[in-house]
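> Sequence first, predicted coordinates after that:
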Amino acid sequence: ARQPHIVAAMQELKLVFACAGIFFSFSYFAVLQEDVYKKTYGEGEDAERFKYTFLALAVERGVNCLLALLAMLAFGGSGITIPHGSIFNSGVSQMFAMAASNEALRFVSYPTQVLGKSCKMVPVMIGGIVLDGKRYSTVQYLQVLLITIGVCVFNFGGKKKSSGADSSYGLILIVISLVMDAVTGGLQEKVKSRTKELNPDIPKAKPTMHESMMWTNISGCIVATVLGVVTGHLTDGFNFCMKHPEVLSAIFVYSLSSAVGQMFIYYTITEFSPLLLTTVTTTRKIFSTVYSVVRNPQNSLGTMQWSGCSLVFLGLLVDIVESYFKPSKPSKPVEKTAETAAPKEAPAKPKRTQKVD
């Protein structure tokens, strides 16, 4: 057996590996994605910006799908019956959430997009109260209140800009993205229940992370491609990329970075816990927001906006802190049976055994 200090050291290395993978993959993804949508290509009268969202999504979903397929061939599948229809619906709603979020980046600054997407739990909580009559803890209400106030302060307490100001249309797109995120969460729960129905003889049946990733991205890629054809995003976007090849290469690279980041997310959940994942992703959002402001002068924030930004991230950190200090649930008492109810004899002294390394 391995020495305890060696096991602990290996676990710490795994933790560093997982955190670094998520942090750098999605930070690099954020930088390249912001450049693709915010950078001006060409000069003078020929200056133009990338606006072909469905082309970018079709490429990103396709790269994610291909990488997941290769991983499935390398590591194998779960062997269960997969609810393709439910996963398809989940992938489509996820794609629409990303489409609205990416399109919003053309009309709002990157910090605004990040903070807006941080309000994901607000529509989820409202839907839970209105539709399901759910009740939430005082800390959860405090968290939503801090985030809501922070976003309002950020958007309405900002300094006036001569150019590049956040538009109402961009903010509406962020709201649409949040609604689709809430829909996706409900559909993902349906995927879980449908998987159990299709595999009654397999306890805790669920697809592997690569299966979930592949089938989710297949549906998103198909719908994005169809919408790209209908809207002209594929043909016009391809022509745009022929004029500015650096755009297509940037999309491919950030798509690959996104796929690698997703795998690190699944790895972190498997090896550690969702709480650690939330901590890492929240820290990454804070870093990406600050870095976007530093590297792009157009994203500079006023004092009120920094205050709103701080309130939003404070609201996100409240949930993390509460989860760390939440007492663990007591174990269920063992039901008395004929064996457990019978009086027990005094245990014999254990024989001393030699420790095996």
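That came through, no problem.

> Just say helix, strand or coil for C119.
Secondary structure, DSSP: H, G, I helix; E, B strand; the rest coil: C119 is coil.

> Residue ranges in the stretch 251-357 of the chain under the pLDDT threshold?
273-275, 278-279, 319-320, 323-357 (pLDDT under 70).

> ranges for the helices of it?
Assigned by DSSP state H, counting those that start in this stretch, the stretch 251-357 of the chain shows helices spanning 274-295, 303-325, 338-341.

> What helices and strands are in contact with the longest one?
When contacts are defined as 3 or more Cβ pairs under 8 Å, 6 or more residues apart in numbering; DSSP states H and E, helix 303-325 sits against helix 110-117, helix 138-156, helix 274-295. Heads up, the C-betas are built off the backbone N, CA and C, glycines and all.

> what do you get if the cut-off is 10 Å, keeping everything else the same?
helix 110-117, helix 121-132, helix 138-156, helix 274-295 (3 or more Cβ pairs under 10 Å, 6 or more residues apart in numbering; DSSP states H and E).

> Y267 contacts A20, doesn't it?
No - the pair Y267 / A20 is not scored as a contact, 11.6 Å apart, by Cβ atoms under 10 Å.

> And those two? Which one has more around it.
Neighbours per residue (other Cβ atoms under 10 Å) separate Y267 from A20, with Y267 holding more: 17 against 12.

> give me the low-pLDDT residue ranges for the stretch 1-150 of the chain?
In the stretch 1-150 of the chain (pLDDT under 70), the answer is 1-2, 124, 127-128, 131-132.

> where along it do the helices fall?
In the stretch 1-150 of the chain, the helices defined using DSSP H, counting those that start in this stretch lie at 4-38, 53-75, 84-104, 110-117, 121-132, 138-156.

> Quick one: those as CSV, columns for distance to I202 too.
CSV is the format used below for the helices of the stretch 1-150 of the chain (distance: least, Cβ to Cβ, whole Å):
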stretch, distance to I202
helix 4-38, 28
helix 53-75, 19
helix 84-104, 17
helix 110-117, 35
helix 121-132, 28
helix 138-156, 34
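
> ok, the nearest residue to T268 once chain neighbours are set aside - contacts?
With sequence-adjacent residues excluded and distances taken as Cβ to Cβ, 6 or more residues apart in numbering, T268 is closest to A18, at 4.4 Å. Shown in contact with A18 (Cβ atoms under 10 Å, 6 or more residues apart in numbering): F264, I265, Y267, T268, I269, T270, E271, F272, L276, L277, V280.

> Give me the buried entries from these.
F264, I265, Y267, T268, F272, L276, L277, V280 (16 or more other Cβ atoms under 10 Å).

> how about the helices of the stretch 1-150 of the chain, which one is nearest S292?
helix 110-117 (4.4 Å; Cβ to Cβ).

> Keeping just the C-alphas, turn the closest one into PDB.
In PDB, the C-alpha atoms belonging to helix 110-117 read as follows (Å, rounded to 0.1, in the frame of the first residue of the first chain):
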ATOM      1  CA  TYR A 110     -17.000  41.500 -22.100                       C
ATOM      2  CA  PRO A 111     -17.300  42.500 -18.400                       C
ATOM      3  CA  THR A 112     -21.000  43.200 -18.900                       C
ATOM      4  CA  GLN A 113     -21.500  39.800 -20.500                       C
ATOM      5  CA  VAL A 114     -19.700  38.000 -17.700                       C
ATOM      6  CA  LEU A 115     -21.600  39.700 -15.000                       C
ATOM      7  CA  GLY A 116     -24.900  39.200 -16.800                       C
ATOM      8  CA  LYS A 117     -24.300  35.500 -17.200                       C
END
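
> about what we covered before: need the winner for burial among the helices and strands packed on helix 303-325.
helix 110-117 (a mean of 23; mean count of other Cβ atoms under 10 Å).
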